[in-house]
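1. give me a 3D structure for the following:
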Amino acid sequence: MPTQQDDRDLIDFQQYWPILKRRWPVTATVIGSVFGLTALVTFLQKPVYESQAKLLFNKQSGVSSLTGLSSQVGELSGLTNFSNPVDTEAEVIRSYPIIQKTISTLKLKDSKGRPLSIEVFLKLLKLKTIRGTDVMQLSYRSTNPQEAASVINSLMSYYLESNVRNNRAEARSAREFLNKQLPEVEKRVLKAEMSLRRFKERNRVIALEVEAKAGVEGLQTLGEQITKAQADLVDANTRTRALQSQIALNTQQAVELSTLSQSPGVQQVLTDYQKVQDELAVVRTRFSDEHPMVINLEQKETALRSQLEGRVAQTLGNSEFVPEQNLQIGELKQTLTEDLVKSEVERLALANRLAELRQAYVLNRSRLDILPRLEQQQLQLQRQLQVARVTYEQLLKQLQEVEVLENQNIGNARVISQALIPDRAVSPIIPLNLALGGVLGIVLGVGTALMLEAIDNSLKTIEEVKGLLDYPLLGTIPLAEKAKGSDGESGAELPVLNSPYTPESAAFEMLQANLSFSISDKMLKVIVVSSSVPGEGKSFVTANLAVAAAQSGRRVLLIDADMRRPRQHKIWEQSNLIGLSNILVNQAELATTTKEALMTLDLVTAGTIPPNAAALLESKRMAALIQEATNDYDFVIIDAPPLTAVADAQILGKLVDGILLVVRPGVVDSGAATATKTLLAQSGQRVLGMVVNGITASSSYGGYYSKGYYHQNGHSKNGKVDVKTPKIKLS
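-> Predicted coordinates:
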């Protein structure tokens, strides 16, 4: 049993199907264009190949257990509980350095021959984690199958290298830290050693315990040596004073005379100087002071004296003048002088030795006093040196372990499936593309039709007319085929008269019958036929309705009240010199103005077009004319102008039994129909109903009448089949 939802779906289909039928050229064009474009792109597109590979991730990095460091170096782990390490590694694979290295190494190019951009590369690369495993699938698409495989293999290779480098980062950081710390610790060791060495050098420390024992013994020995040196010094002083009294020279003078007398240079110059003096004395006895020989010898004497003084000063080490008689002494005096010098030297040596012994005694004594403090300082420095050495040795050992750890790290990932060269293209998939193109074409075609339908505000179906106007539907007039009537082109305007066995004729007969039932309280005598806008066929409907009413045996009067654009005189091929306008201005009478269209049908044309048609229709003469017509005729039909164009139809509507509204789908739009309904409601008009004119299969869901029935069974008056199809001209 179909549900309510099924009914709604059926209704929706029935609503959209006529739209698609009306818009089938646009829909077919869009569908064909999209499908053709899809097919063209599909067959012109280069085949795209996809190569795949797989990586397996391990939590541990495979670090050697030979080292004593933590084996968690390089372990895969997330920062939070929601982190997925494999997804993190996928982002590492997508990182710019790895991608750029792959592009540069393989020299990847785009379609224009330029280096492939990272953004385009990432669109061609796909990374997918296989659910429930630690395996990642990598795939890359390219028009070159060899390139697709090379890209994946190169990308995995560069990633594994990066993974190893990243896993070694902690060990490398530790190594770098140790490399930085070792020199500092080594400096501290050297500094401690230097401090200890400087301490020993500064305090002359070798072995404090041995030094303390030797120091005590040394003090005793020094005491004995000091006593002996003092006795020897007294003897030397006595001997020196005795020699000084004998030669009447002090020790300094004795030393100088002894030195000069033993200097060969001084004695040689002294000999030459004395010789020149002798020669000068002899020459002066013979020559005057101005004689060249005297002058020459004087100059030679002066030069030798200057040389002698220089050598004396050089020998003694000072520039004090020494008398010439002291430059040469006798042998005895020289011997005594030498003894004095020796005695003085011995005395000075003993005095110095005594001072040194006393100083050594004091130093040894003070040294022994500070040995306990030095020993304490030495122990402190030794402890600092020991700590520095132990620290250095530990850091050196850790550095060696870290270097082993860094070199043995093999990473967290390994290739379990290399990328192979694909032999089949993954794109384009011709059946799928064509199917998608067809579906897309249908969607766009239907969408275009619906969009055009939404843009088009005209009423297109009977259901739309009924839904918008909500007036009783008294009849539907099918759209007649364009064909000539028996008496020429004008015959198509009156199918009820000229082609009685047609759907159009039957439709007007049904309209005439329905009108008789539109008012239940009295007989319908006078009606106004109008429309919303021009072109809906109100004059055509009015003329044929009048014929149908006349054929039913009623005496009918047809009045053309459209004095702005009259049509009835053209339909009936009558003169329009005198008509309704002339009656209303009292230029003619109804009885003399009417023209006999049929035996029971009279026609009043519009007459001369007046400048004030609305005023004439609103005059008392018009009301009197209608009253006169109702007295003389059984049925009066007035053809009025469109409602939205002028107010003529509304004026006439107040004088008649009701208004029959003609609506033609495809001509009137929703705005005009709504405006018409509003005008009729505001003016208080009595609307008998509406007749839908120009019905086609698309506007009536297949039509209400079967033309085949009339064409096969309708006969003319002479017994022959009437196959004439009238051509309808609409006003």
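2. any low-confidence regions in the stretch 451-600 of the chain?
-> Applying pLDDT under 70 to the stretch 451-600 of the chain flags the ranges 452-454, 456-458, 480-491.
3. which residues of it fall in strands?
-> 473-478, 526-531, 556-560, 595-598 (DSSP state E, counting those that start in this stretch).
4. check the stretch 1-150 of the chain too.
-> In the stretch 1-150 of the chain, strands defined by DSSP E, counting those that start in this stretch lie at 48-57, 125-129, 135-142, listed in chain order.
5. what about the shortest one, average pLDDT?
-> Spelled out, that is strand 125-129. If you average the pLDDT over strand 125-129, you get 91.
6. how far does that strand sit from its chain's centre?
-> Using CA atoms, centre = their mean, to the nearest Å, we find the averaged C-alpha position of strand 125-129 to lie 20 Å away from the chain's own average C-alpha position.
7. what does the longest one give?
-> Distance, stretch centre to chain centre, for strand 48-57: 26 Å (CA atoms, centre = their mean).
8. export it as PDB, just CAs?
-> Coordinates of the C-alpha atoms in strand 48-57 are reproduced here as PDB (Å, rounded to 0.1, in the frame of the first residue of the first chain):
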ATOM      1  CA  VAL A  48      47.800   8.800 -15.000                       C
ATOM      2  CA  TYR A  49      49.700   6.100 -13.300                       C
ATOM      3  CA  GLU A  50      49.800   5.500  -9.500                       C
ATOM      4  CA  SER A  51      52.700   3.800  -7.700                       C
ATOM      5  CA  GLN A  52      52.300   2.600  -4.100                       C
ATOM      6  CA  ALA A  53      54.700   1.500  -1.300                       C
ATOM      7  CA  LYS A  54      54.400   0.700   2.400                       C
ATOM      8  CA  LEU A  55      56.300   1.700   5.500                       C
ATOM      9  CA  LEU A  56      56.300  -0.100   8.800                       C
ATOM     10  CA  PHE A  57      56.800   1.900  12.000                       C
END
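9. would it be right to say that L405 lies in a strand?
-> No. Inclusion of L405 in a strand is not indicated when DSSP: H, G, I helix; E, B strand; the rest coil is applied; the result is helix.
10. got a pLDDT number for it?
-> Model confidence at L405, expressed as pLDDT, equals 70.
11. do you know how far S51 is from A169?
-> According to CB to CB, to the nearest Å, S51 and A169 sit 31 Å apart. (C-beta placed from N, C-alpha, C; glycine too.)
12. with R284 instead?
-> When distance is defined by CB to CB, R284 is 109 Å away from A169.
13. same question, V426
-> Following CB to CB, the distance that separates V426 from A169 is 38 Å.
14. do L444 as well
-> L444 sits 55 Å away from A169, taking CB to CB as the criterion.
15. what segments of the stretch 401-550 of the chain are helices?
-> Across the stretch 401-550 of the chain, reading from the start of the chain, the helices by DSSP state H, counting those that start in this stretch fall at 430-455, 462-469, 495-498, 503-516, 538-551.
16. correction: the previous question concerned the stretch 101-250 of the chain.
-> Using DSSP H, counting those that start in this stretch, helices in the stretch 101-250 of the chain cover 118-124, 145-167, 169-203, 208-247.
17. got any ranges where the stretch 251-400 of the chain has weak pLDDT?
-> Residues of the stretch 251-400 of the chain that meet the criterion pLDDT under 70 lie in 251-263, 265-267, 311, 313-338, 340, 367.
18. before we move on, back to that, would you list the strands of the stretch 1-150 of the chain in a markdown table and tack on mean neighbour count and distance to R241?
-> Listed next are those as a markdown table, based on neighbours: other CB atoms under 10 Å; distance: least, CB to CB, whole Å:
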| stretch | mean neighbour count | distance to R241 |
| --- | --- | --- |
| strand 48-57 | 20 | 108 |
| strand 125-129 | 16 | 115 |
| strand 135-142 | 20 | 113 |
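19. quick one on the thing from earlier: quick check: which of the helices of the stretch 101-250 of the chain is buried the most?
-> Each of the helices of the stretch 101-250 of the chain was assessed for mean neighbour count using mean count of other CB atoms under 10 Å. The highest is helix 145-167, with a mean of 20.
20. what angle sits between that one and strand 48-57?
-> Angle of helix 145-167 versus strand 48-57, following axes from the mean of the first three to the mean of the last three CA atoms, to 10 degrees, is 20 degrees.
21. now helix 145-167 against strand 135-142, angle please.
-> Going by the same axes, to 10 degrees, helix 145-167 makes 140 degrees with strand 135-142.
22. quick one: distance of helix 145-167 to the chain centre.
-> Remark: helix 145-167 is offset 25 Å from the chain centroid, using CA atoms, centre = their mean.
23. ok, stretch 672-692 next?
-> Relative to the chain's own centre, stretch 672-692 is displaced by 61 Å; criterion: CA atoms, centre = their mean.
24. name the residues of that stretch that are buried.
-> Within stretch 672-692, the residues scored as buried using 16 or more other CB atoms under 10 Å are 672-673, 676-677, 679-680, 685, 687-692.
25. residues near V283, how many?
-> For V283, the tally of surrounding residues (other CB atoms under 10 Å) stands at 16.
26. perfect, I'm done here.
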